[in-house]
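In: Sequence first, then the predicted structure:
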Amino acid sequence: MLIGDEKRKRDALMLTSYLNMAMCHLKLGNNLDVVHSCEKALEMEPCSEKALYRRATVRNNIIFTVNLSEASPVGLESLDLL
């Protein structure tokens, strides 16, 4: 069982690992894995700005994608997305 300084070092390493996994998944477009890694990081540090930002980025991407899929083709042509 880890105590004191060893536990703090382990926890810091685990937090960094979760945040790095979230960033890798974000770049690969694995949205559910990003959220999962961010949730694990937030369990360790509830105010982690990186975890909150990455999770919010995925949620924003999902909302944007849903809104685009519901948009009319005429509206999409004006955005030069087709």
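Out: Yes, it's here.
In: buried ones in the longest helix along the chain?
Out: Determined from DSSP state H, the single longest helix within the chain is helix 4-28. Residues 15, 18-19, 21-22, 25-26 are the ones in helix 4-28 that count as buried (16 or more other CB atoms under 10 Å). The C-beta positions use only the backbone N, C-alpha and C, and glycine is treated the same way.
In: what helices or strands is that helix leaning on?
Out: Secondary-structure packing of helix 4-28 (3 or more CB pairs under 8 Å, 6 or more residues apart in numbering; DSSP states H and E): helix 31-44, helix 49-70.
In: what angle sits between that helix and helix 31-44?
Out: Relative orientation of helix 4-28 versus helix 31-44 (axes from the mean of the first three to the mean of the last three CA atoms, to 10 degrees): 160 degrees.
In: show me where pLDDT drops low in the chain?
Out: Low-confidence segments of the chain (pLDDT under 70): 67-82.
In: before we move on, the earlier item: can you list contacts of the longest helix of the chain?
Out: Helix 4-28 has contacts (CB atoms under 8 Å, 6 or more residues apart in numbering) with 2, 31, 33-34, 37-38, 40-41, 44-45, 48, 50-51, 54-55, 57-58.
In: and those residues, which are buried?
Out: Using 16+ other CB under 10 Å, the buried ones in those are 31, 33-34, 37-38, 40-41, 45, 48, 50-51, 54-55, 58.
In: Same list, those residues, but as TSV with distance to residue 66 please.
Out: Output for the buried ones among the contacts of helix 4-28, formatted as TSV (distance: CB to CB, whole Å):
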residue	distance to residue 66
31	12
33	19
34	17
37	22
38	20
40	25
41	25
45	30
48	26
50	25
51	23
54	19
55	17
58	13
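In: State the pair within those residues that is farthest apart.
Out: Among the buried ones among the contacts of helix 4-28, the pair separated by the greatest distance (CB to CB) is 31 and 45, at 21.6 Å.
In: what about residue 47, is that helix, strand or coil?
Out: coil (DSSP: H, G, I helix; E, B strand; the rest coil).
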